[in-house]
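Colleague: All I have is the shape, not the residue letters:
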């Protein structure tokens with residue numbers, strides 16, 4: 001190939017698969033494509049340009065972006081902003097991609113998704129959360145910022161249901177990242193843009209498809225939230241993600257979408273159907289134990305790629321349901337602090353454990369804690385327990 005590569009629209013699909021194949025062969029976690037640059041692969045946490053690939057020009061990137069956009073609900077690449085999607089390489093390896101503009105040209109970031117669905121302990125979550133899959137109906141939320149692993153956690157919970165329950169599972173995702181092949185359950189996965197026009201359209205339709213379990217990739221608009229609550233009320237177990245920093249904020253996040261006159265009624269409905277909220281975030285693992293490992297391995301770059309999951313769980317017991325319906329969310333935290341017997345724990349408890357284990361530094365723990373002094377006091381009283389690291393955000 002020439003130093004600067006231009007390809008036809010037809011060849012762009014071939015080139016795309018060659019790039020994905022190269023990523024798999026190099027065991028790269030990420031692939032970055034930018035105009036005026038050769039492809040960059042991230043291997044073992046280190047990002048470097050591939051010397052055996054040419055520099056791609058603006059035209060090549062635009063055609064690759066067009067080929068990727070054709071796999072989503074958009075027919076063309078974004079003129080402003082970015083576009084998300086997922087695809088498989090020819091060997092079946094799944095990749096998530098983001099097409100975005102910078103300085104008027106296109107860039108593309110692709111992340112290789114894991115070949116298998118991990119267990120909750122492998123993710124850094126307590127195995128007790130598998131009990132969330134035992135509910136016959138209700139609403140379960142996985143909360144957190146973008147890139148905090150919400151999709152991965154949902155995939156693990158759906159995989160558990162697929163293994164142990166004879167039921168019908170419908171997922172509505174944008175894009176589909178993890179493929180679930182039917183085992184004990186019958187799993188139908190639908191992708192927004194390819195199989196349906198919107199989350200709400202698919203959610204409304206799912207109620208006529210005899211589901212037992214429904215996964216909604218994200219609920220953020222009024223109609224989708226309303227339909228999800230209705231589905232949970234009418235005997236379905238509904239899993240969904242929400243962009244919120246913590247469990248209590250998730251409630252306000254849902255309620256605030258509705259008109260103020262309707263919010264009291266929505267709160268009463270939520271109090272009846274909400275079963276649990278799990279909030280999570282990925283934090284750089286900069287604790288003493290990690291620093292010692294990095295010193296021994298002489299790999300300073302890994303310090304920015306090793307991540308640990310910090311989480312909290314709220315179960316909707318009768319006292320919590322009463323506080324939700326009465327709009328007294330601020331008092332829920334005190335119930336969570338004393339709710340271990342009900343499967344609840346706070347983010348501060350999790351941070352204390354991570355600090356005690358040497359997974360995160362005191363500075364990081366203090367910066368994320370709701371009450372730093374109480375968190376540190378709790379850490380001093382904890383016994384060490386095994387914590388599993390995650391090496392990349394999902």
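Modeller: Perfect, thanks for sending it. Worth saying up front: this structure is predicted, and the values here are computed from it rather than measured.
Colleague: Against residue 348, how distant is residue 335?
Modeller: From residue 335 across to residue 348, the span is 14 Å (CB to CB, to the nearest Å). Bear in mind the C-beta positions are built from the backbone N, C-alpha and C, glycine included.
Colleague: Would you mind telling me which of the two has the busier surroundings?
Modeller: residue 348 (24 against 16; other CB atoms under 10 Å).
Colleague: In this structure the more buried one contacts residue 373, no?
Modeller: No: judged on CB atoms under 8 Å, residue 348 makes no contact with residue 373 at a distance of 10.3 Å.
Colleague: burial count for residue 160?
Modeller: 19.
Colleague: Could you do the one 4 residues further on as well?
Modeller: The burial count assigned to residue 164 is 14, neighbours taken as other CB under 10 Å.
Colleague: for it, phi and psi?
Modeller: Here is the backbone geometry of residue 164 (degrees, to the nearest 10): phi -120, psi -10.
Colleague: Now for it: which residues touch it?
Modeller: Residues in contact with residue 164, defined by CB atoms under 8 Å, 6 or more residues apart in numbering, are 133, 184.
Colleague: Next, the distance between the ends of stretch 257-264.
Modeller: Using CA to CA, to the nearest Å, one end of stretch 257-264 lies 12 Å from the other.
Colleague: Next, the buried residues of it.
Modeller: 257-258, 263 (16 or more other CB atoms under 10 Å).
Colleague: quick one, helices of the stretch 251-394 of the chain?
Modeller: Along the stretch 251-394 of the chain, the stretches classed as helices by DSSP state H, counting those that start in this stretch are 263-273, 288-297, 318-325, 332-337, 347-356, 362-368, 372-381.
Colleague: what's the most buried one of the ones you listed?
Modeller: helix 347-356 (a mean of 24; mean count of other CB atoms under 10 Å).
Colleague: Now do it against helix 372-381, angle only.
Modeller: 50 degrees (axes from the mean of the first three to the mean of the last three CA atoms, to 10 degrees).
Colleague: helices or strands next to helix 347-356 in the packing?
Modeller: strand 307-315, helix 362-368, helix 372-381 (3 or more CB pairs under 8 Å, 6 or more residues apart in numbering; DSSP states H and E).
Colleague: can you put these in JSON lines and add distance to residue 213 and mean pLDDT?
Modeller: Formatted as JSON lines, those follow (distance: least, CB to CB, whole Å; pLDDT from 0 to 100):
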{"stretch": "strand 307-315", "distance to residue 213": "19", "mean pLDDT": "95"}
{"stretch": "helix 362-368", "distance to residue 213": "33", "mean pLDDT": "95"}
{"stretch": "helix 372-381", "distance to residue 213": "36", "mean pLDDT": "92"}
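Colleague: what's the span of stretch 199-218, first residue to last?
Modeller: End-to-end for stretch 199-218, by CA to CA: 8 Å.
Colleague: Quick check: buried residues in it?
Modeller: Result for stretch 199-218 [16+ other CB under 10 Å]: buried residues 199-204, 206, 211-218.
Colleague: ok, and what's touching it?
Modeller: With CB under 8 Å, 6+ apart, stretch 199-218 has contacts from 151, 154, 158, 161, 165, 167-174, 185, 188, 190, 192, 195-196, 219, 221, 223-224, 227-228, 230-231, 234, 236-243.
Colleague: I'd like to know which of these are buried.
Modeller: 151, 154, 158, 161, 165, 167-174, 185, 188, 190, 192, 196, 219, 224, 227-228, 230-231, 236-243.
Colleague: can you tell me which of those residues are in strands?
Modeller: Members of the buried ones among the contacts of stretch 199-218 lying in strands (criterion: DSSP state E): 168-173, 188, 190, 237-242.
Colleague: Which of those residues sits closest to residue 143?
Modeller: residue 242 (5.1 Å; CB to CB).
Colleague: I'd guessed the closest one sits against residue 221; true?
Modeller: No: using CB under 8 Å, residue 242 makes no contact with residue 221, being 11.7 Å away.
Colleague: Take the ones in strands among the buried ones among the contacts of stretch 199-218 and lay them out in TSV including distance to residue 317 and pLDDT.
Modeller: Shown next, in TSV, are these (distance: CB to CB, whole Å; pLDDT from 0 to 100):
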residue	distance to residue 317	pLDDT
168	29	98
169	27	98
170	29	98
171	28	98
172	29	96
173	30	94
188	33	98
190	33	96
237	18	98
238	19	98
239	20	98
240	20	97
241	23	96
242	20	96
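Colleague: now for those residues, which pair is the farthest apart?
Modeller: Checking these with CB to CB, the most distant pair is 168 and 242, at 24.1 Å.
Colleague: Let me know the helix or strand that the residue nearest to residue 84 when sequence neighbours are not counted is in.
Modeller: The shortest distance from residue 84 to any non-neighbouring residue, by CB to CB, 6 or more residues apart in numbering, is to residue 98 (5.5 Å). Taking DSSP states H and E as the definition, residue 98 sits inside strand 94-102.
Colleague: Of all the residues in that strand, which ones are buried?
Modeller: Under 16+ other CB under 10 Å, the buried positions of strand 94-102 are 94-97, 99-101.
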